[in-house]
Each structure stands twice: as structure tokens, then as C-alpha cells.
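A.B. asks: Have a look at this prediction, sequence included:
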Amino acid sequence: RIPVDGTVIAVLPTEVVVDIGYKSEGHIAKSEFSDEEAASLKPGDRISVYLEEREDAMGNLVLSKEKADRMKVWDSLEALSEKGEVLEGKVISRIKGGMTVDIGLKAFLPGSQIDLRPVRDMDRLVGQPIQVRIIKMNKKRGNIIVSRRVLLEEWRDRRKKLTMESLKEGEVLEGIVKNITDYGAFIDLGGVDGLLHITDMSWGRVSSPQNLMAVGDKINVMVLKHDKETGRVSLGLKQLKSDPWSTVASRYPEGSKVPAKVVSITDYGAFLEIEPGVEGLMHITEMSWNHEVKHPSKIMAVGDTVEAKVLKIDEKNRKISLGLKQLGPNPWDLVEDRYPIGTIVSGKVKSLTDFGVFVGLDEGIDGLIHISDLSWTRHVRHPSEMFKKGQKVEAIVLKIEKERQRLSLGYKQMASDPWETDIPERFQVGQSMKGKVTKVMDFGFFVEIAEGVEGLVHVSEVDLPNGERLDQLFPVGTELQVRIVKVDKGERKIGLSVKGADEGA
């Protein structure tokens with residue numbers, strides 16, 4: 001069945017009588033006409049109607065203008081749908097799963113087809129005019145499904161294409177912050193998203209992109225790189241300002257003093273911000289002349305503002321070395337006056353090493369007693385045999401190397417050299433005496449033959465039974481009779497033997 005044309009015969013209070021060429025007239029409820037249409041309707045007017053029944057109980061035709069109108073609109077919408085036309089509609093109400101939209105007929109707009117992203121508050125759309133496209137029609141069921149999202153996607157793609165074609169490296173564009181991550185932010189440039197990496201946000205230190213911007217902010221950015229094949233766009237924000245490092249050397253020359261803010265502390269030093277985008281490293285060794293400082297946190301804390309001295313600038317690698325101790329006098333500049341050679345000094349043992357003892361004197365000055373300057377007569381394998389950390393000790397200044405910041409001290413020099421006085425007279429070759437084993441080595445063992453005086457029993461001067469070891473036969477502390485076989489004043493060595501020791505007693 002299709003709509004047919006008819007002629008209005010009469011306009012009654014509740015219905016309209018229409019002749020469509022059948023034996024009997026047809027009747028249409030007046031409610032199917034709008035108030036405007038009903039007011040202007042008169043006999044003789046031609047209208048389009050739909051034949052619902054050939055005869056009712058009274059033998060009249062049952063006609064419908066509403067269905068005829070609907071069929072006309074349906075055919076029109078079907079033609080527009082086939083062409084993919086954009087339709088103007090009005091949101092009538094919210095229903096389960098979406099919205100009802102009037103496009104001439106009622107159509108269903110699914111929630112997933114409203115926008116590019118899920119719409120949380122659909123009620124705000126009721127009564128609003130919108131543009132849609134028909135995506136599905138079922139004449140049998142009378143269903144029409146429309147979409148607004150397909151139009152937005154097409155608009156976005158067109159906009160993206162235009163933006164991609166017009167993008168130029170180095171140009172500045174306005175964009176909207178779309179998303180923020182730990183490593184940067186994505187900026188919508190108009191259908192095209194570009195990545196603004198955290199390292200390109202500021203010449204200074206950026207702990208988090210959220211400290212600089214928020215989603216929805218409008219910002220100007222520079223196009224750094226545009227890959228047309230992949231569609232990737234790299235953006236920069238700091239590039240809109242001049243690089244502060246380009247004039248660092250002239251503004252902060254080496255040797256100048258600058259106020260700087262501590263921004264981070266590590267085990268090896270602290271990073272200080274001289275200005276946004278310009279940071280310098282103050283190594284722990286440049287913080288104090290006193291080498292006892294074990295960690296930078298003992299000197300400064302994050303957030304502190306300190307005065308520092310510019311020691312070195314490396315523009316190529318964007319590095320500045322800063323110093324704090326250089327703002328005060330260098331104690332090594334005064335060391336020659338305070339500790340002339342031959343001066344007896346007093347201090348505490350700061351550390352013991354295989355090669356000697358470090359003694360702390362005034363602030364920033366350490367002296368080294370080399371292991372060879374510990375004793376005239378003892379064979380010292382390690383300084384711990386004579387000293388403990390923290391022990392107070394007196395020594396004499398032997399040598400000053402100001403440039404290398406070295407102060408050599410002597411402990412044995414506090415007493416006269418017994419090799420120049422009584423040792424050659426007290427100890428003669430062939431003399432036999434009692435002693436005590438102090439150290440056992442692979443090549444022999446040392447024996448103390450007088451207080452502070454040791455001699456070596458070489459392994460060749462021992463009748464060692466097969467399978468026996470020196471440390472088994474002569475353990476430390478063993479008392480035994482030895483015979484002097486050598487007294488070498490030049491090398492300051494006394495050679496001993498256990499062979500024939502009892503004979504010379």
C-alpha cells in the first residue's frame with residue numbers, strides 16, 4: 001500500500017471527509033491534522049492519505065493522513081540515507097541505551113554514537129539541536145538508528161588531514177593539553193596529537209609535568225619534528241624561550257660568586273640551581289677543606305640557598321662545577337707558616353692504611369706518617385700494630401708539599417736514631433742472647449732481642465725438619481736463644497741465627 005491523493009468533501013468538528021474515488025467516502029480523525037492545518041482546511045483541498053480499511057462498521061473507508069505523512073517522510077529519509085546526507089534533528093528525550101531524536105520521524109541515537117568519548121550527562125542534550133546521519137533503517141519495524149559520532153569522526157579526520165598537511169617544523173601553534181603522563185603531555189593541535197616530552201617542557205628541572213600544566217589548558221608549543229609517514233609529532237615548550245646556556249659563560253664567569261638553590265643531594269655532592277634551566281654540581285670534595293665530611297647532607301639540605309663559587313664551566317656538555325670551600329681561606333696557604341719543617345705537632349689518628357697513619361691536625365689539614373717512619377728498629381707490617389683510630393699522637397713535620405696538599409710526618413724521628421748511637425756498640429756479630437718471636441714470615445721470623453730492637457732469623461739459619469713449618473716450630477711469643485750473624489748499619493738490619501746459639505751464650 002502507498003499513499004493516494006484525495007479531495008476534502010467536508011470538514012466536520014471531529015473528522016474530515018475525503019473522496020479518494022471509491023464508492024464511499026473516507027473519514028480521517030481531525031486529530032491527525034495540526035491545529036494550523038485544521039484551521040486552513042476547506043472542501044476541495046487535495047491531500048495525501050493512506051487507506052487503512054476499505055469499510056468500517058458503517059461502511060465507510062478508514063483513512064490516515066498521519067501514516068501517509070510518515071510514509072512520505074520515510075521515503076525522503078531513505079533517499080537521504082542512501083546519499084549519506086547530514087540531517088538536522090532535535091533531541092526529544094533520554095531513553096534506555098541512548099536518546100530519541102526527531103528528524104521528521106522519531107529516531108534512536110545510541111549512547112555510543114553521541115560523541116567520540118562516552119557522555120556522562122546525557123540529560124543536558126535534551127531539547128538541543130544536533131546533526132546526525134542515518135546508519136540503519138528497518139521499514140518493516142519502522143526503526144531508524146542515527147549517529148552523531150560518525151560526523152565527529154569525519155570532521156576530526158578532515159581536520160587532522162589539514163593540520164598534518166600544514167604542519168611545519170619550527171612553527172608555533174596553540175594547542176590544548178589532552179592527556180598528561182609521567183614522561184610528558186599529549187597536546188591536541190586540531191585533530192592531531194603531538195607529544196610534549198618532559199625534557200622539552202623547561203630548560204630547568206621538571207619533576208612532574210603536572211607541576212607545569214593541567215588537562216584542558218591552552219598552551220603555545222613549537223613543532224620540533226613532524227614524521228608524515230608515522231604521523232608522529234614532537235613538540236617543545238622550552239624552545240619558545242632562549243637557551244640560558246647560550247650566555248652562561250658571560251653571565252657567570254669562572255671565579256665569580258653566585259647565589260644558588262639546592263635542588264637535590266646525592267652521595268657524591270649536591271645539584272644547585274643558579275637560575276631556571278641552569279644547574280651546577282658541587283662535589284663533596286669542594287664543600288669543605290675538612291675531609292671528615294662524609295655526606296653532603298651534613299653541610300646543606302634541599303631548599304637551602306647558598307653562595308657558591310663558579311669553578312669551571314663546560315658549555316658543550318652543559319655542566320658547571322661549583323665550590324663552597326673556596327669562599328673561605330685555604331688552610332694549606334698557611335701550612336708552611338703554621339707547621340715549619342721540624343715542628344712537633346699533636347693530633348688524633350684519623351685512619352690507618354697499609355702504607356701509614358693519617359693524623360688530623362687543624363681543620364682541613366691531615367698529615368701522613370709513612371709506615372717507614374714509625375720505628376727505627378721494629379719491622380712494622382701494619383700501622384695497627386702500633387696505633388688505634390682516635391689515639392692521640394705526637395709527630396714531627398718532615399716535608400711539606402703545598403701544591404699536592406701533602407704533609408709528611410715522622411714518629412720515629414721523635415727519638416734519636418739508635419743506629420747512630422748504641423746499636424752498633426751493643427750488638428756484635430757472634431754475640432748470643434735471648435729473644436722473643438714477634439712475627440713469622442715465609443722467609444723467616446723476627447725476634448725482639450731488646451726493647452724495640454728486632455732482628456731477622458732467615459729460614460736458611462734454621463734447621464727445619466721435613467714437613468715442619470716455621471710458624472709451627474717458632475710460634476709468636478716463643479722465647480729462644482739466638483746468635484747475631486750480621487749487623488748492617490747502612491740497611492739498619494740485624495741478622496740472627498738459631499744455629500750454634502747455645503754455644504755463644
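C.D. replies: Nice, thanks for sending it over. Numbers count the residues shown, from 1 in each chain.
A.B. asks: and the residue with the largest distance to the centre of the chain, how far is that from residue 50?
C.D. replies: No residue in the chain sits farther from the centre than residue 23, which is 90.3 Å out by CA atoms, centre = their mean. Going from residue 23 to residue 50 by CB to CB, to the nearest Å gives 19 Å. No exception for glycine: its C-beta is placed from N, CA and C like everyone else's.
A.B. asks: quick one on the thing from earlier: am I right that the residue farthest from the centre of the chain sits in a strand?
C.D. replies: No - checked against DSSP: H, G, I helix; E, B strand; the rest coil, residue 23 lies outside a strand; its state is coil.
A.B. asks: List the contacts of it.
C.D. replies: Residues near residue 23 by CB atoms under 8 Å, 6 or more residues apart in numbering: none.
A.B. asks: Read off the pLDDT value for it.
C.D. replies: Residue 23 carries a pLDDT value of 79.
A.B. asks: so which helix or strand takes in the nearest residue to residue 240 once chain neighbours are set aside?
C.D. replies: With CB to CB, 6 or more residues apart in numbering as the criterion, residue 240 has its nearest non-adjacent residue at 6.0 Å, and that residue is residue 222. Using DSSP states H and E, residue 222 sits in strand 218-227.
A.B. asks: For this structure, which segments count as helices?
C.D. replies: 35-40, 65-83, 149-166, 248-251, 335-338, 423-426, 470-473 (DSSP state H).
A.B. asks: Any buried residues in the strand holding residue 222, and which?
C.D. replies: For strand 218-227, a neighbour-count test (16 or more other CB atoms under 10 Å) marks 219, 221, 222, 223, 224, 226 as buried.
A.B. asks: Identify the residue nearest the last one in space, chain neighbours excluded?
C.D. replies: Nearest residue to residue 226 in three dimensions, chain neighbours excluded: residue 167, at 4.8 Å (CB to CB, 6+ apart).
A.B. asks: Stretch 365-376: which residues count as buried?
C.D. replies: 365, 366, 367, 368, 369, 371, 373, 374, 375, 376.
A.B. asks: I'd like these as CSV, with pLDDT appended.
C.D. replies: What follows is those, written out as CSV (pLDDT from 0 to 100):
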residue, pLDDT
365, 85
366, 87
367, 91
368, 94
369, 94
371, 91
373, 91
374, 91
375, 88
376, 83
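A.B. asks: Now flag whichever of the residues you listed is closest to residue 29.
C.D. replies: residue 366 (112.8 Å; CB to CB).
A.B. asks: partner residues bridging that closest one?
C.D. replies: residue 360 (DSSP bridges).
A.B. asks: swap in residue 495?
C.D. replies: In this entry, residue 495 is beta-bridged to residue 456, residue 486, by DSSP bridges.
A.B. asks: Got the confidence number for it?
C.D. replies: For residue 495, the model assigns a pLDDT of 94.
A.B. asks: any idea how the protein splits into domains?
C.D. replies: 4-70, 84-152, 167-240, 244-327, 332-414, 421-497 (the TED database).
A.B. asks: So which of those is nearest residue 77?
C.D. replies: Taking CB to CB, domain 84-152 is the member of the domains of the chain nearest to residue 77, at 6.3 Å.
A.B. asks: picking that back up, which strands or helices does the strand holding residue 222 pack on?
C.D. replies: For strand 218-227, the packing partners by 3 or more CB pairs under 8 Å, 6 or more residues apart in numbering; DSSP states H and E come out as strand 172-181, strand 193-197, strand 232-236.
A.B. asks: hey, C-alpha coordinates of it in CSV?
C.D. replies: Only the C-alpha atoms of strand 218-227 are listed here, as CSV (Å, rounded to 0.1, in the frame of the first residue of the first chain):
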residue,chain,number,x,y,z
LYS,A,218,45.6,26.1,26.2
ILE,A,219,49.3,26.5,25.6
ASN,A,220,51.6,27.6,22.7
VAL,A,221,54.1,25.0,21.6
MET,A,222,56.7,24.7,18.9
VAL,A,223,56.8,21.8,16.3
LEU,A,224,60.2,20.2,16.7
LYS,A,225,59.7,17.2,14.5
HIS,A,226,57.0,16.0,12.1
ASP,A,227,57.1,12.5,10.7
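A.B. asks: quick one, that strand and strand 172-181 angle?
C.D. replies: 90 degrees (axes from the mean of the first three to the mean of the last three CA atoms, to 10 degrees).
A.B. asks: Figure out how far strand 218-227 is from the centre of its chain.
C.D. replies: Centre-to-centre, strand 218-227 and its host chain are 22 Å apart (CA atoms, centre = their mean, to the nearest Å).
A.B. asks: mind listing what it pairs with, with the direction of each?
C.D. replies: strand 172-181 (antiparallel), strand 232-236 (antiparallel).
A.B. asks: Quickly, which of the domains of the chain bottoms out on average pLDDT?
C.D. replies: domain 4-70 (a mean of 83).
A.B. asks: Start and end of that one, how far apart?
C.D. replies: Counting by CA to CA, to the nearest Å, you get 13 Å between the two ends of domain 4-70.
A.B. asks: the strands in the stretch 201-350 of the chain, which residues?
C.D. replies: Assigned by DSSP state E, counting those that start in this stretch, the stretch 201-350 of the chain shows strands spanning 218-227, 232-236, 257-265, 269-275, 278-283, 305-314, 319-323, 344-353.
A.B. asks: nope, the stretch 351-500 of the chain is what I was after
C.D. replies: Using DSSP E, counting those that start in this stretch, strands in the stretch 351-500 of the chain cover 356-360, 366-370, 392-401, 406-410, 432-441, 444-450, 453-458, 479-488, 493-497.
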